[in-house]
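*Asks:* sequence first, then the predicted structure:
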Amino acid sequence: MLGLLLGTLLLLGGLSGCSAAAAGLNSFQSPDGRYAFLYPTGWTRVAVSNGPQVVFHDLINSDETLSLVISDVNATNELESLGSAVAVGEKLGRIVIAPEGSGREAELVEASEREDGGHTFYDLEYAVHLSDRDRHELATVVVDRGRLYTLAASTNELRWPKVKDLFRNVITSFTLQI
């Protein structure tokens, strides 16, 4: 009986340790089970037409957003064939984050590469300058089966120091399931 009690206590202690690591994050999985990621507790999903596949935003700081864009690419392409992390990051900055005529400027702060589940991911960090404010954005990109997935989290520059670790956890949580 004592062994069972000790085993139960150890199991409960282990489970609470796991939940503490993911504290403040909820999980999202696509309806087809193809991808999943974590998003901050207290954020809500919003419907967007003709835009990203998935969008969440913070209810309190409504300019903090998380979005997933899925684009078609050549089915034989791997991420590396699109260029290095820096090259893809610069292109994403020019074409998506701060396209010509948008009034925005995007500076690629950092670009790195990581492997997860047999896929290469590029993790990107941007300082985004708008005419009236500065923002900070993290993104991860991966290619799978002719699709380019871009998950991006964005906030204003003043909040960046408070949320940067949370945003890094969110961005690096993106996984391809099947």
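*Replies:* Perfect, I can see it now.

*Asks:* only C-alpha atoms from now on, for both contacts and neighbour counts.
*Replies:* Fine.

*Asks:* got any ranges where this structure has weak pLDDT?
*Replies:* In the predicted model, the chain carries pLDDT under 70 at residues 1-23.

*Asks:* and the strands in this protein?
*Replies:* Taking DSSP state E, the strands of the chain run over residues 25-29, 35-40, 43-45, 54-58, 65-72, 105-116, 119-129, 134-144, 147-156, 175-176.

*Asks:* His129 and Thr76, how far apart?
*Replies:* Look at His129 and Thr76: by Cα to Cα, to the nearest Å, they are 35 Å apart.

*Asks:* pick out whichever of those two has more residues nearby.
*Replies:* Legend: neighbour count by other Cα atoms under 10 Å for His129 and Thr76, higher for His129 (18 against 10).

*Asks:* wait, what's in contact with the more buried one?
*Replies:* With Cα atoms under 8 Å, 6 or more residues apart in numbering as the criterion, the residues that contact His129 are 104-106, 135.

*Asks:* Asp63 - how many residues pack around it?
*Replies:* By other Cα under 10 Å, 13 other residues sit near Asp63.

*Asks:* need the nearest residue in space to Asp63, chain neighbours excluded.
*Replies:* Spatially, and ignoring its direct neighbours in sequence, Asp63 is nearest to Thr155 (6.3 Å; Cα to Cα, 6 or more residues apart in numbering).

*Asks:* okay, now the one you found: neighbour count?
*Replies:* Number of residues near Thr155 (other Cα under 10 Å) recorded here: 23.

*Asks:* thought it was touching Arg135?
*Replies:* Yes - using Cα atoms under 8 Å, Thr155 makes contact with Arg135 at a distance of 5.6 Å.

*Asks:* find the nearest non-adjacent residue to Arg45, please.
*Replies:* Leaving out its chain neighbours, the residue that sits closest to Arg45 by Cα to Cα, 6+ apart is Phe56, at 4.2 Å.

*Asks:* what about that neighbour, distance to Ser154?
*Replies:* According to Cα to Cα, Phe56 and Ser154 sit 11 Å apart.

*Asks:* what does Gly33 give?
*Replies:* From Gly33 to Ser154 the distance is 25 Å (Cα to Cα).

*Asks:* more neighbours: which of those two?
*Replies:* Neighbour totals were compared for Gly33 and Ser154, and Ser154 leads with 24 against 11 (other Cα under 10 Å).

*Asks:* report the contact partners of the closest residue to that one other than its chain neighbours.
*Replies:* Leaving aside its sequence neighbours, Ser154 sits nearest to Glu137 (Cα to Cα, 6+ apart; 4.3 Å). Contact analysis of Glu137 by Cα under 8 Å, 6+ apart lists 125-128, 152-155.

*Asks:* pairing partners for Glu137 in the sheet, please.
*Replies:* Going by DSSP bridges, Glu137 is paired in beta bridges with Tyr126, Ser154.

*Asks:* equivalent analysis for the one 5 residues further on, please.
*Replies:* Bridge pairing for Val142 (DSSP bridges) gives the partners Tyr149.

*Asks:* thanks a lot, catch you later.
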